[in-house]
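In: show me how the following folds:
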Amino acid sequence: MDVKTVCLGMLTDGPASGYDLKKQFESTFSHFFSAGYGSIYPALSSLAESGLVSCEEIPQEGKPDRKVYAITDEGRARLLEALRDTRPCHKIRSEFLATICFAHLMPPEDIEAVVDHRLDEIAEFQEMVRHFERECLSEWHEGLRFVLGVGKTVTGAMETYIKENRHKLTQRPAAKALSG
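Out: You can find the predicted model right below:
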């Protein structure tokens, strides 16, 4: 599924600006699908050109006009067609795991710093999940609840694994560490 399709899905909840969608990518979608302004705004522009979303420009004092997008009937039909794909790809992109692949080249203190940073990120994510559970869960449809549960489970398992096994990363001889 590409950014355009995810944006269409998000717009089924109601009209939103690119900024609004970015916030949703940073919160609800953060543990499984990332997108920045550099992909969201071109996606929205393309969707508007294709007639899959409409765009209303709302004047703002002292700022550029705010563009608010809404899914069209054609956009909804395209989204539903995309959702019929019963074999969506499951990819995980992790800079943390890519870095750890080369732990044998790193000094132990750098490994510890990378691992500590990942544990901090997990703690932040878990706090966000607790916030959603307290404030939003009752309003969410079952699909979002399911996704939140998967994220909670995966990050909990990752946290446990890291804490129980991090010592293995620094047990190797430091002779291969890169200098300078």
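
In: would you mark the buried spots in whichever strand or helix holds V150?
Out: Here V150, judged by DSSP states H and E, is contained in helix 142-165. Applying a neighbour-count criterion of 16 or more other C-beta atoms under 10 Å, one finds L144, V147, L148, G151, K152, T155, M158, E159, I162 buried in helix 142-165. Bear in mind the C-beta positions are built from the backbone N, C-alpha and C, glycine included.

In: so how far is I58 from the fifth one?
Out: Separation of K152 from I58 (C-beta to C-beta, to the nearest Å) stands at 36 Å.

In: secondary structure element for S39, which one?
Out: Going by DSSP H and E, S39 is in helix 37-49.

In: show me what that helix is packed up against.
Out: With contacts taken as 3 or more C-beta pairs under 8 Å, 6 or more residues apart in numbering; DSSP states H and E, helix 37-49 sits against helix 3-11, helix 18-26, strand 53-60, strand 63-71.

In: which one of those is the most hemmed in?
Out: helix 3-11 (a mean of 22; mean count of other C-beta atoms under 10 Å).

In: quick one: that one to helix 37-49, angle?
Out: Between the axis of helix 3-11 and that of helix 37-49 there is an angle of 80 degrees, by axes from the mean of the first three to the mean of the last three C-alpha atoms, to 10 degrees.

In: so for helix 3-11, mean pLDDT?
Out: On average, the pLDDT along helix 3-11 is 95.
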